[in-house]
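>>> Just need the structure, nothing else, for what follows:
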Amino acid sequence: MPMKDVQPRSDCPISYTLDILGDKWSLLILRDMIFAAKSSYGEFLTSGEGIATNILADRLAMLLSQELITKTVSPQNKSKLVYNLTEKGISLLPVIMEITVWGAQNSPSGGNDELLKALRKDRKGTIKEFSKMLRKRIAV
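Predicted structure coming up:
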């Protein structure tokens, strides 16, 4: 698959971040990898938001090109590809947690009560534990 080139619109760090993560789907793919341990194309397609196959392929290519995720052959099924977060992808965890908290505070649905309770009690510790868990997944 060819590299998905991202052309920065400016030198602004916020603009750069939006160039990579500001679309409707990239953060949801990362969310599924972090919170639902999804790692295959088929698993991403089962998410409730209903991503189209062409959009999923495009976003995975972009996340790969930006080195936020890797793609490897599944050790259990040689005909299946699996995606995992990289250290760069894991480094987004504090940002994703903050977006989760903000969304839960302002969304009618409220979000994952257990996660939100843990973040309120010890945000730094919760992020550290999630980071450790994610690193164990990629070490397998």
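
>>> alpha carbons only for contacts and neighbour counts from here, please
Fine.

>>> Would you mind listing where this structure has pLDDT under the threshold?
Low-confidence segments of the chain (pLDDT under 70): 1-4, 140.

>>> Could you confirm residue 82 falls within a strand?
Yes - looking at residue 82 with DSSP: H, G, I helix; E, B strand; the rest coil, it is inside a strand.

>>> CA atoms only for stretch 61-68, dumped as CSV, please.
Below are the C-alpha coordinates for stretch 61-68, written out as CSV (Å, rounded to 0.1, in the frame of the first residue of the first chain):
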residue,chain,number,x,y,z
ALA,A,61,-2.9,3.8,5.5
MET,A,62,-2.6,7.3,6.9
LEU,A,63,-2.1,6.1,10.5
LEU,A,64,0.6,3.7,9.1
SER,A,65,2.3,6.4,7.1
GLN,A,66,2.4,8.6,10.2
GLU,A,67,3.9,5.7,12.2
LEU,A,68,1.0,5.7,14.7
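
>>> What ranges does this structure have for its helices?
13-21, 26-35, 41-45, 53-65, 87-90, 93-106, 113-121, 123-139 (DSSP state H).

>>> Could you say which of these is packed most deeply?
Most buried of those, by mean neighbour count (mean count of other CA atoms under 10 Å): helix 26-35, with a mean of 18.

>>> gap between residue 45 and residue 127?
According to CA to CA, to the nearest Å, residue 45 and residue 127 sit 26 Å apart.

>>> Just want the most central residue of this protein.
Of all residues in the chain, the one closest to the mean position by CA atoms, centre = their mean is residue 30, 1.1 Å from it.

>>> residues contacting it?
Residue 30 makes no contacts at all, as judged by CA atoms under 8 Å, 6 or more residues apart in numbering.

>>> For the nearest residue to residue 89 once chain neighbours are set aside, grab the count of nearby residues.
Nearest residue to residue 89 in three dimensions, chain neighbours excluded: residue 68, at 4.1 Å (CA to CA, 6 or more residues apart in numbering). Residue 68 is flanked by 20 other residues according to other CA atoms under 10 Å.
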